[in-house]
Structures are given as structure tokens and as C-alpha cells.
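[1] the following block contains a protein sequence and its predicted model.
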Amino acid sequence: MSKLVRKIFCLLVIFLLAAGTSLALAEESSIDSVDQGVAATGESKADKTKPITECRTPYSVAVLPYVDASGLEGRSREMAANAVKVALKTKYPGKADSVNKIASAKAVQKALKDHPFENADDPVLDELVQIGQAIGADRIIYIGMQPARMKESGFMVIGGTQTYSATISMKLKCVDVNEGRYLFNQIVEDVGSSTSINFWRIGSASKAKAVKRGTENCMRVFLTAFE
């Protein structure tokens, strides 16, 4: 090997080592990425622009009873529950020509009675798989609403603005019963808000709409994460 070739080879090795070191230094550490799931505001950093679409993969799905520990009351509680239902029906419309089969509420209740969870607020994988097998479902969905956080901001003299922000936190799980694994198992948080412009206290922002929007955002993150 000539001196020129050796020199070129050595320079190439040095370049590759330097590039590898640079890439290693540029790679984000697990500490740096610790806040990737939820921002300081409680808002999910996942892509919320992706719409929920009807599932076209044929499988049977069972949705467990919605667990509500949100502390919400009245209209806010109703709109949160309705937002959950609308999101699920968007993905699983249950029409005659749908490729998916939705387990009946009666079948789900019987399976839960025969195989009770040790902790109903946070069932584990084996328990969810057991329920799915008892029902004969391919997938099990668990939805638990966590305590919500509300904030009011704005100003009022004669006229002004008012904003309600609702940080919605949901424990969301989807299990592939046949493979015995989670397709999704996360606590998702997101913020919904409602703003109004008031004059002489006529008109006001809606807490319920803020809750509804936060819930819709969480369900969108959940139901677009798997087919």
C-alpha cells in the first residue's frame, strides 16, 4: 500500500469516527425526551390533526364500561361521555356493512361478572385478555377518565373576554386478545378551551365545551394510533 493510499485510508477512518461521535452526541437522551408525551400545559404532543376514520380491518371489538373519576358534574360530565361515544362510533359505526363486530353490553357485563378485575380502575394485561377470551372478542378497549383540571382566565369591566380551559387526562388501553399484547396503553392528556366575548355579563365561555374538546383530542390520539 503506497503512502498516499495509506494517508487517504487513515483520513477516511478519522472522518468516520468523528461522524459517529457527532451522531452519538446529537442523539437525544432519554432524559432530554422525558417530556415528549405531554407538554408542561398538559397538552399531548401527538399529532392531533389526523382524523378518526372507520376501521376497515375485520375484527370483533369489545368496549368495557367507561370509568369516570374525572370529578366533572352536570353538562360537562355528559359532554365528556358523549365525546367518548362519538369517537368510538366514528371508528366502529356498527352499520350493517361494517367489517367489525361490536360485542353486546350484555356479553361484556357477563364476562366482567365472571372474571372481576382486582383493580377496576386499572386492569392489567392478563385480566383484559381473559375478558376478551370470555367474550370471544379480538380486541378489548378500556377507557378511564382521570381527574380533570379547570382554569378560568380573562377580564371584565364593561366588556371583556372569558376563557375556560380544561385539562383532560384519560387512561386508555387497547389489547390484541389473540396476541396477548397491548396495542395502546397510555395516559393521554390534552387541553380543551372555550372563549367568549362578553358585554355587561351577557354571554359566557362554556366549561362543558372546553371539556368536550379536550376529550375529543385525547380520543383522537388514542383511536388513530392503531387500525
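    Great, that's in hand. Numbers count the residues shown, from 1 in each chain.

[2] helix, strand or coil: sort out Ile140 for me.
    Under DSSP: H, G, I helix; E, B strand; the rest coil, Ile140 falls in the strand class.

[3] quickly list what it is bridged to.
    When assigned by DSSP bridges, Ile140 has beta-bridge partners Ala62, Val175.

[4] pull the number of nearby residues for it.
    28 (other CB atoms under 10 Å). Where you see a C-beta, it was placed from the backbone N, CA and C, and this is true even at glycine.

[5] show me how the protein divides into domains.
    Residue ranges for the domains of the chain, per automatic domain parsing: 1-34, 35-223.

[6] what's the least confident stretch among those?
    Ranked by mean pLDDT, those end with domain 1-34 at the bottom, a mean of 58.

[7] what about the helices in this structure?
    For the chain, the helices defined by DSSP state H cover 3-26, 74-91, 105-114, 125-135, 207-223.

[8] pick the most buried one from these.
    Each of the helices of the chain was scored by mean neighbour count; the highest is helix 207-223, a mean of 24, by mean count of other CB atoms under 10 Å.

[9] output the contacting helices and strands for it.
    With contacts taken as 3 or more CB pairs under 8 Å, 6 or more residues apart in numbering; DSSP states H and E, helix 207-223 sits against helix 74-91, strand 159-176, strand 181-199.

[10] using PDB, list the CA coordinates for stretch 94-107.
    C-alpha atoms of stretch 94-107 as PDB (Å, rounded to 0.1, in the frame of the first residue of the first chain):
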ATOM      1  CA  GLY A  94     -71.700  -0.800  13.800                       C
ATOM      2  CA  LYS A  95     -73.500  -0.500  10.500                       C
ATOM      3  CA  ALA A  96     -74.800  -3.500   8.600                       C
ATOM      4  CA  ASP A  97     -72.000  -3.200   6.100                       C
ATOM      5  CA  SER A  98     -69.300  -2.700   8.700                       C
ATOM      6  CA  VAL A  99     -66.400  -5.200   8.700                       C
ATOM      7  CA  ASN A 100     -66.200  -5.100  12.500                       C
ATOM      8  CA  LYS A 101     -68.400  -6.900  15.000                       C
ATOM      9  CA  ILE A 102     -69.200  -5.000  18.300                       C
ATOM     10  CA  ALA A 103     -69.700  -7.100  21.400                       C
ATOM     11  CA  SER A 104     -73.000  -6.600  23.200                       C
ATOM     12  CA  ALA A 105     -73.200  -4.800  26.500                       C
ATOM     13  CA  LYS A 106     -74.800  -7.900  28.000                       C
ATOM     14  CA  ALA A 107     -71.800 -10.100  26.900                       C
END
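
[11] what does it contact?
    54-63, 92, 135-137 (CB atoms under 8 Å, 6 or more residues apart in numbering).

[12] of the residues you listed - the most surrounded one?
    Top of the contacts of stretch 94-107 by neighbour number is Ala62, holding 26 neighbours under the definition other CB under 10 Å.

[13] and Arg109, how close does it get to Arg181?
    No, residue 109 isn't Arg; it's Gln. According to CB to CB, to the nearest Å, Gln109 stands 25 Å off from Arg181.

[14] let's have the helices of the chain in TSV, adding distance to Pro147.
    Output for those, formatted as TSV (distance: least, CB to CB, whole Å):
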stretch	distance to Pro147
helix 3-26	39
helix 74-91	12
helix 105-114	24
helix 125-135	23
helix 207-223	12
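
[15] who wins for proximity to Leu172 among the ones you listed?
    In terms of CB to CB, the element of these nearest to Leu172 is helix 207-223, at 4.5 Å.

[16] if we can go back for a sec, CSV please, covering the helices and strands packed on helix 207-223 and showing distance to Tyr142.
    Formatted as CSV, those follow (distance: least, CB to CB, whole Å):
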stretch, distance to Tyr142
helix 74-91, 12
strand 159-176, 4
strand 181-199, 9
